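Peer 1: Sequence plus the predicted model coming up.
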Amino acid sequence: MRTLISMLVVSLAAPALAAEPSKDELVKLLQEQDDRQRSAGDYKSLVYLEQSEKDKADVVRELIIYRRDADDKLILLFTKPKSEEGKGYLRLDKNLWSYDPNVGKWERTTERERIGGTNSRRQDFDESRLAVEMDAAFVGEEKLGKFDTMHLKLTVKPGIDIAYPVVELWLDKNNHNALKRQEFALSGRLARTAYYPKWQKIYSETKKADVWFPGEIRIFDEIEKSNKTMVLFKSVDLSPLDANLFTKAWLESKSR
Amino acid sequence: MISKLVVLLRIAFANLFGSFLNFFVGAVLFFGAALLVVGGALFGTLDRSLSKSVVGSITGHLQIYSARSKEKLEVYGKFDGSDPNLAPMENFGELKEKLLKVSNVKSVVPEGTSGAMVGSGNTIDLTLEKLRSLYRAQKDGKGLPAADFKTQADSLKDHVKNMVTLLAKDMEKVTELGTKDSIEPEEKAALATTSAPDFWASFDADPFGHLELLENRIAPQVADADLLFIRYLGTDLDAYQETFDRLQVVEGEKVPKGRRGILLPRFFYEESMKLKNARRLDKIKDARAAGRKLSDESDKELQRFQRENQAQTREIVLQLDGLKTKTAVEKLRTLLGRTDGDLAALLGEFFKTTEQNFDERYKFFYAELAPMLSLYRVKVGDTMTLKSFGRSGSLEATSVKLYGIFEFNGLEKSPLAGAAALIDMVSFRELYGFLTSDKAAELKAMKEQTKARQIDRQNAEADLFGGAGDDSAAVVEAKEEKIAEITSAHGLRESAAEKQARVYTQAEIDDGVVMHAAITLKDGTPQAIAATQAELEKLFAATKPRPDAAVQGAVQKLVDEKKLPFALAQATRTVLEGEKQRTADPATGATDAQLIALKEALQGERARLDGKVYEALDKLLDSARPQVWVVTWNSAAGGLGQFIDVFRLILGAMVFGFALVALIVVTIGVTIATLQRTATIGTLRAIGAQREFVVSMVIVETLVLALVFGGLGALCGAGVVMWLHTSGIPAFRDELYFFFSGPSLKPDLDLAGLVFSIVTTLGVSVLAVLVPIFLAIRVAPVTAMQTSE
């Protein structure tokens, strides 16, 4: 039934965008991306992270994402391998903190922090805030594999700090799934290309709607061309989290 | 015979000052001999000094490293500042045991160089971190007695309060300047909250909640400290300190046996970790001691130090809590004769130093202000957090206690000797992130469990979105799954405190991977170094695989068919020859130097070579190389070691240049002198002198000339060397400390050098006399008499 409703929403929205979308329609498209991925309640996901780099051993990690979108809070807690267990990140307001139990210290990092030493960024695990952070422009309609897509160019709004100030996004024309995302540095240099081939959703009682998440993200480094990163969302749990979870003390307690 | 020699000598001495030409030739020989003595002593001493610096501080006489390494060992790093790509040597303990059995080997020290970032954060971050640790320890029941805890906590809170007040004042100024739009409302609200007395009154009721507010909203309002990069040498600290006895801990203590810890070089500590204002004052003091003047406006560097000291007082202001600020203000007002002004303004005025007030202010700074400040980012006894991207790909971090500050005797000011910190081997391995077999197995199991499909960049779009019937991009209804919480236990991981407290056994330090190792010898003369290198190569030759006839045949074919570039073909032929010899006698074979030459030639030509050709040569190398390379200290020193070759080259060029000039001048001089004496020679011949006598006369005259002027020149050169030895050539730049192995170079007078210069002078003279002899013996008495008429 829920799938049917989603399909209906998608099919009703799609014809409206047959021509070049207006500015409002572009904002709505971004809001749609954000709304789909937003979890009104708490969110927890088990993620597998793998990075291959030429002449180097693969980086393999498993981590749990804890999100409370209502308060803009996030924790990434590494659970595997043993040497990484207990390491983590905590986002509070505009601060992204990293914690390493090896040294027992917190360090404030930036949006450009390479999560777990891979080419993934905080935004790959966090709620989507495209409409809040970026302005969109329509580039054109393009074919991506067998899919018809809308190609958008997003530019960061003034005063907002994000990992990449310019993003190009390819949305499936039929269901508006984000399929491809290219991220550029301020200089205009392409830094990363990411693909989202397997969107999934779970019904949330709190949200009274589906929470969407990208089953997998394939990231290709455009600067170090031999580097590629895979992010697999193995499972999602929407149960309420401990009220005091998003604190430094909680993350510290995981490694003592 | 003797009477004949006496006659010849009398003639020679009688003619010695007989003509201007002899003076000219003599002068050339004089200066040449003097130059050889001085130059020889100078370059010889430089050679020995540099080798003393390198051998005595890091390399030892010989170095070993894995023959599987992709690049050549360069202990000081490559020219671009990166480290060479070396393969680790496993089971260092076994290797060490094997090496110590060689009679001339005195010690073997494991080593590995790398770089790390020192944990950053601004002054507020650091103070809040201290406060958090204090409350955390108290909460865990591992804290201080209640009274001590309260004193410390109150002092730290007072400091933070002071910083909040400063930031609030800054915000007022910004508002006054009309740029209030640049202030975030959240920042303003946070400052208002944390400035309120209620916030501090309720602090102890919820310390961690209050800390979060301060850490997230207040600390980011201050600029972060510079990111500090540190190079370090991981080693067995006990063995290192015993072997390299020029190392001297000048502050703190040596790292206790078996403990984890770090020692920082004084040069780095002063340059990078000291409070910038204090460091600039030190530099101004040194500059003035060297004769530079603060009043000299053309001295850009001193003027810059002055400007920066006046403008950059923020760090000092932030470091002082309320009480200390009050004390500092009072002291500064008294010194400057002021009755008003806040700390920032007073400091700005205080740092306006002149020739007249500098000494007084320098003394005041260290006597009155410095005791209230943290002069260094990390103090001896503190724990430092180092972060590095390890070999296994992840960011590795470790905490090590700073036990002391060190210098190498005589190399105190050398940036090169003072560039790398010393860290224990266990921490080095942790930071280097070696992928141990256990770790590799764990990662493999994780990958196998996930069974993720590998996608290549080239085919990504086709694979992910192009397949027929591909359901990608459709939305899949997922099933919610409960994700288990991880327990708080952390497997085999030790806590940072446990690691600090642990004493590692020698076996634990030795039994692991190392990057390279320094071998010091009982006899470190160049001949003994060469002999021991050959002996070690022989020892490791046993680890080589058996020679492979098929591989040799394939490579021989390439050589015969002339498919290899010239230099590569030469290197290949040498190694092939060695391998053929080794087939007949396993104790022989190509030397390490020959194999390394082939490896380098192969790497250099890799881009141009056909894949199969490269593969064949790589196989040859693989079958011919031992487990480890044994190289001399100057090879291991990389670019720096090449300076020694440059010194030797300059010395050789000097000898050659002198020989050439002397040869030409002496030949021309003696020839002209001989031609001028044609009549005399003819007369001598006419009264019965044989040709042999004439030849002997010319030779003895030239030798006497060379001996007298060359000898005088050598003696004069010796005098210059002795004077230089007594006065010393000062290291006028810090970089020269390393080359001079101390603050000055004191050339040693070498008897061999003295003899060499005289022998060279005589040798050149003998060669130069050949043409005049030829002319002299052709003089017939009749011709001579006719010339005379």
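Peer 2: Perfect, thanks for sending it.
Peer 1: how about residue A:90, secondary structure?
Peer 2: strand (DSSP: H, G, I helix; E, B strand; the rest coil).
Peer 1: need the contact list for it.
Peer 2: A:74-75, A:96-97, A:99, A:246-248, A:251 (Cβ atoms under 8 Å, 6 or more residues apart in numbering or on different chains). Yep, even glycine has a C-beta here, placed from its N, CA and C like the rest.
Peer 1: Scan the residues you listed and report the most crowded one.
Peer 2: residue A:75 (26 neighbours; other Cβ atoms under 10 Å in any protein chain shown).
Peer 1: ok, and the closest non-adjacent residue to that one?
Peer 2: residue A:66 (4.1 Å; Cβ to Cβ, 6 or more residues apart in numbering or on different chains).
Peer 1: Over to residue B:377?
Peer 2: Per Cβ to Cβ, 6+ apart, closest to residue B:377 is residue B:273, 4.6 Å.
Peer 1: Wait, the one you found touches residue B:378, no?
Peer 2: Yes. Residue B:273 lies in contact with residue B:378 (Cβ atoms under 8 Å); the separation is 6.0 Å.
Peer 1: What residues sit buried inside stretch B:567-575?
Peer 2: B:568, B:571-572, B:574-575 (16 or more other Cβ atoms under 10 Å in any protein chain shown).
Peer 1: With stretch A:151-171 instead?
Peer 2: Within stretch A:151-171, the residues that qualify as buried are A:151-154, A:156, A:162-171, counting by 16+ other Cβ under 10 Å.
Peer 1: go on, stretch B:514-523?
Peer 2: For stretch B:514-523, by 16+ other Cβ under 10 Å, it's B:514-521.
Peer 1: next one: stretch B:675-688
Peer 2: Quick answer for stretch B:675-688 (16+ other Cβ under 10 Å): B:677-682, B:684-685.
Peer 1: Mind checking if the helix or strand where residue B:612 lies is in reach of chain A?
Peer 2: According to DSSP states H and E, residue B:612 maps onto helix B:611-624. No. If you take Cβ under 8 Å from any Cβ of the partner chain as the test, helix B:611-624 misses chain A, and the best it gets is 15.9 Å.
Peer 1: That helix - contacts with which helices or strands?
Peer 2: helix B:549-560, helix B:566-584, helix B:592-605 (3 or more Cβ pairs under 8 Å, 6 or more residues apart in numbering or on different chains; DSSP states H and E).
Peer 1: same for the longest one, what does it pack against?
Peer 2: Contacts defined by 3+ Cβ pairs under 8 Å, 6+ apart place helix B:566-584 against helix B:549-560, helix B:592-605, helix B:611-624.
Peer 1: thinking again about what came up before, quick one, what contacts the residue nearest to residue A:75?
Peer 2: A:42-44, A:74-77, A:241, A:245-246.
Peer 1: Pull up the per-residue confidence for it.
Peer 2: With respect to pLDDT, residue A:66 scores 96.
Peer 1: C-terminal to the helix or strand hosting it, what's the next element?
Peer 2: Following DSSP H and E, one finds residue A:66 within strand A:59-68. Using DSSP H and E, the helix or strand that follows strand A:59-68 in sequence is strand A:73-80.
Peer 1: Do me a favour and average the pLDDT over that following strand.
Peer 2: Rounded mean pLDDT across strand A:73-80 is 92.
Peer 1: in it, what's buried?
Peer 2: Buried residues in strand A:73-80, counted by 16+ other Cβ under 10 Å: A:73-80.
Peer 1: In JSON lines: the helices and strands packed on helix B:566-584, plus distance to residue B:115 and mean pLDDT.
Peer 2: Listed next are the helices and strands packed on helix B:566-584 as JSON lines, based on distance: least, Cβ to Cβ, whole Å; pLDDT from 0 to 100:
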{"stretch": "helix B:549-560", "distance to residue B:115": "39", "mean pLDDT": "88"}
{"stretch": "helix B:592-605", "distance to residue B:115": "24", "mean pLDDT": "88"}
{"stretch": "helix B:611-624", "distance to residue B:115": "30", "mean pLDDT": "88"}
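Peer 1: Apart from its chain neighbours, what residue comes closest to whichever residue of chain A sits closest to chain B?
Peer 2: The minimum distance from chain A to chain B, using Cβ to the nearest Cβ, falls at residue A:145 (2.7 Å). Distances taken as Cβ to Cβ, 6+ apart place residue B:465 nearest to residue A:145, at 2.7 Å, with adjacent residues excluded.
Peer 1: Residue B:552 too?
Peer 2: residue B:579 (5.6 Å).
Peer 1: wait, what's in contact with residue B:56?
Peer 2: B:244, B:246, B:408, B:741.
Peer 1: The third one is in contact with residue B:57, isn't it?
Peer 2: To tie it back to what came earlier, the one meant is residue B:408. Yes. Using Cβ under 8 Å, residue B:408 is in contact with residue B:57, at 5.1 Å.
Peer 1: Show me the common contact partners of the two, please.
Peer 2: With Cβ under 8 Å, 6+ apart as the test, residue B:408 and residue B:57 both reach B:244, B:246-247, B:417.
Peer 1: wouldn't residue B:255 be in contact with residue B:424 here?
Peer 2: Yes. Between residue B:255 and residue B:424 a contact is recorded at 6.4 Å, counting by Cβ under 8 Å.
Peer 1: shared neighbours of those two, which are they?
Peer 2: Joint contacts of residue B:255 and residue B:424 (Cβ under 8 Å, 6+ apart) are B:237, B:261-262.
Peer 1: most surrounded residue in these?
Peer 2: residue B:237 (27 neighbours).
Peer 1: nearest residue to that one other than its sequence neighbours?
Peer 2: In space, residue B:237 is closest to residue B:255, 4.7 Å off (Cβ to Cβ, 6+ apart).
Peer 1: any idea how far residue B:503 is from the one you found?
Peer 2: For residue B:255, the distance to residue B:503 (Cβ to Cβ, to the nearest Å) stands at 11 Å.
Peer 1: quick one, which of the two is more surrounded?
Peer 2: A direct count of neighbours by other Cβ under 10 Å for residue B:255 and residue B:503 places residue B:255 higher, at 24 against 10.
Peer 1: Distance-wise, check that one relative to residue B:739.
Peer 2: 29 Å.
Peer 1: With residue B:314 instead?
Peer 2: As judged by Cβ to Cβ, residue B:314 and residue B:739 stand 39 Å apart.
Peer 1: hmm, who's touching stretch A:21-39?
Peer 2: Applying Cβ under 8 Å, 6+ apart, the external contacts of stretch A:21-39 come out as A:13, A:16-17, A:67, A:69, A:127-132, A:134, A:136-138, A:150, A:152, A:154, A:171, A:176, A:178, A:201, A:204, A:206-207, A:210-213, A:238.
Peer 1: buried stuff in that stretch?
Peer 2: Going by 16+ other Cβ under 10 Å, stretch A:21-39 has these buried residues: A:21, A:26-30, A:32-39.
Peer 1: what do you get for stretch B:13-26?
Peer 2: Applying 16+ other Cβ under 10 Å to stretch B:13-26 flags B:15-16, B:22-23, B:25-26 as buried.
Peer 1: burial of the closest residue to residue A:40 other than its chain neighbours, as a residue count?
Peer 2: Take residue A:40 and drop its neighbours on the chain: the residue closest to it by Cβ to Cβ, 6+ apart is residue A:207, 3.8 Å away. Per other Cβ under 10 Å, the neighbour tally for residue A:207 reads 17.
Peer 1: residues in contact with residue A:207?
Peer 2: Here residue A:207 is in contact with A:38-41 (Cβ under 8 Å, 6+ apart).
Peer 1: From residue A:39, how far out is it?
Peer 2: Plainly put, residue A:207 is 6 Å away from residue A:39 if you go by Cβ to Cβ.
Peer 1: just to revisit the earlier point, of residue B:314 and residue B:739, who's got more company?
Peer 2: Neighbours per residue (other Cβ under 10 Å) separate residue B:314 from residue B:739, with residue B:739 holding more: 19 against 15.
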